[in-house]
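Visitor: generate a structure from the sequence data that follows.
(chains A and B)
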Amino acid sequence: MVSLSNHARDRAEIADLMARYLFAMDYHDADAYAECFTEDGVLDYAMGTLVGREAIRAEALVFRDKIAEVFKDWQGNPAKLRHLVHQKALRVDDGRAWHTGLWWEMTNGGPEGSVATPSFGTYEDELVRVDGRWLFQRRKIYNEFLAGRESGPGNPVRTMGEGR
Amino acid sequence: MTSQQYDDAYARDRAQIEDLMARYLFALDYNDLDSFIEMFTDDAEFEFASGRVKGKAAILEAVKRFKVRIGEHYKDEDGNPAVLRHVLAHTAIRIEKDRAWTRAQWFEMANDGPGKSLKMGTFGIYEDKLRKVGGRWLFSERRIMNEFLPGRESGPDNPVRSMDAAVGL
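Guide: Numbering: from 1, shown residues only, chains lettered A, B, ... in the order given. All right, here's what the predicted structure looks like:
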């Protein structure tokens, strides 16, 4: 069999990681969420910066409560929140990778239970392949609707892998 | 529970399954039911808001009824059937030789907002089983979960866990 390009293989695997990450997050599966990171992984997001898989796991355990305070449906109950990732720019180099992806989110928090679309931003990630699977070594989540958390103004893809 | 072995075969099969999932949505939204039904195995099962059916003939009938209901439910402000698009987002795919499973986020949007503007409809997930038949990936089961229909919601557990657990069954 002719071998696929490494990029095609890595892209497929990282797309799977991205999906597993989002399902773990939105369904409050803290263990599966933490397993998407390396042991020394870093999560840098709107509510803080967590260093290490165990710190990330502990944070993920309280995602549900934190999110419930921010996102409510029209009757005041915790909203169903779903994060989505679309285009994914990827640079891969010898077991390391850099990713810039566009995310947005939707909830059932609109009028009378309809869909609301609160915000969007970017994921800017560093990944490493450990024991045959890609993991996040660092995920920084930018949000264009939170002052101080906006991405840019430069094209984030230009700096992927810089200073490696 | 075993975990996915990522290799060249995974990337190739994943690309083919992603193509199938895209073709499915174009066929559905453009009323191309001939193409639609060819994406299922002969013994496929299809479960959605109206129930669960088995076999291609039953799936085709169910989807025809579904399309009629959609035409009645989604209308633009002039009363014409709305232009409705189902959109696929992130997809977790588990592959073991000639079998595969997915958990995939979908949402829908149409031109049924004020002034025929874009309005978001509902969202949910697909829970699929697939088989590779004659070199081609096909759906052997598609369950369509919708977070806005009581009784049809996904979860509450992470749906990827039931996907990985299904591999050993």
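Visitor: and chain B, which residues reach chain A?
Guide: B:3-8, B:10-12, B:14-15, B:89-93, B:103-105, B:107, B:120-123, B:147-148, B:155-161 (Cβ under 8 Å from any Cβ of the partner chain). The way it works is simple: take the backbone N, C-alpha and C, and place the C-beta from them, glycine included.
Visitor: how about the helices in chain B?
Guide: For chain B, applying DSSP state H gives helices covering B:8-29, B:33-37, B:56-73, B:159-166.
Visitor: make CSV out of those helices and add mean pLDDT, distance to A:H86 and mean neighbour count.
Guide: CSV is the format used below for the helices of chain B (pLDDT from 0 to 100; distance: least, Cβ to Cβ, whole Å; neighbours: other Cβ atoms under 10 Å in any protein chain shown):
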stretch, mean pLDDT, distance to A:H86, mean neighbour count
helix B:8-29, 97, 14, 18
helix B:33-37, 98, 25, 15
helix B:56-73, 94, 25, 14
helix B:159-166, 97, 19, 18
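Visitor: now which of the residues of chain B next to chain A would you call buried?
Guide: Buried subset of the residues of chain B next to chain A (neighbour count, 16 or more other Cβ atoms under 10 Å in any protein chain shown): B:4, B:6, B:8, B:10-12, B:14, B:89-93, B:103-105, B:107, B:120-123, B:147-148, B:158-161.
Visitor: rewinding a little: between the helices of chain B, which one is nearest to A:F136?
Guide: helix B:159-166 (16.2 Å; Cβ to Cβ).
Visitor: which strands and helices sit next to the closest one?
Guide: helix A:6-26, strand B:84-96, strand B:99-110, strand B:119-133 (3 or more Cβ pairs under 8 Å, 6 or more residues apart in numbering or on different chains; DSSP states H and E).
Visitor: buried residues in the following helix or strand past the first one, which are they?
Guide: Next in sequence after helix A:6-26, counting helices and strands by DSSP states H and E, comes helix A:30-34. For helix A:30-34, the buried set under the neighbour-count rule, 16+ other Cβ under 10 Å, comprises A:A30, A:A32, A:Y33, A:A34.
Visitor: what about helix A:30-34, near chain B?
Guide: Yes. Contact of helix A:30-34 with chain B (Cβ under 8 Å from any Cβ) involves A:A32.
Visitor: what residues does that helix touch?
Guide: Identification of contacts with helix A:30-34 by Cβ atoms under 8 Å, 6 or more residues apart in numbering or on different chains yields A:20-21, A:23-25, A:53-54, A:56-57, A:60-61, A:63, B:158, B:160-161.
Visitor: try stretch A:16-26
Guide: By Cβ under 8 Å, 6+ apart, stretch A:16-26 touches A:29-30, A:32-33, A:35-36, A:60, A:63, A:81-85, A:88, A:101, A:127, A:133-136, B:4, B:6, B:14, B:90-93, B:103-105, B:158-160.
Visitor: if we use 6 Å, what do you get?
Guide: The set of residues external to stretch A:16-26 that reach it, using Cβ atoms under 6 Å, 6 or more residues apart in numbering or on different chains, is A:A32, A:Y33, A:C36, A:R82, A:H83, A:V85, A:W134, B:H90, B:T91, B:A92, B:N158, B:V160.
Visitor: as TSV, those residues with distance to A:F71 would be great.
Guide: As requested, these are arranged in TSV below (distance: Cβ to Cβ, whole Å):
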residue	distance to A:F71
A:A32	21
A:Y33	18
A:C36	22
A:R82	10
A:H83	11
A:V85	18
A:W134	29
B:H90	19
B:T91	24
B:A92	23
B:N158	19
B:V160	22
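Visitor: run a quick neighbour tally on B:P81.
Guide: 15 (other Cβ atoms under 10 Å in any protein chain shown).
Visitor: list the helices and strands the helix or strand of chain A with the lowest mean pLDDT packs on?
Guide: Every helix and strand of chain A was ranked by mean pLDDT, DSSP states H and E. The lowest is helix A:63-70, at a mean of 91. In terms of contacts (3 or more Cβ pairs under 6 Å, 6 or more residues apart in numbering or on different chains; DSSP states H and E), helix A:63-70 is packed against no helix or strand at all.
Visitor: tell me the buried residues in that helix?
Guide: Under 16+ other Cβ under 10 Å, the buried positions of helix A:63-70 are A:F63, A:I67.
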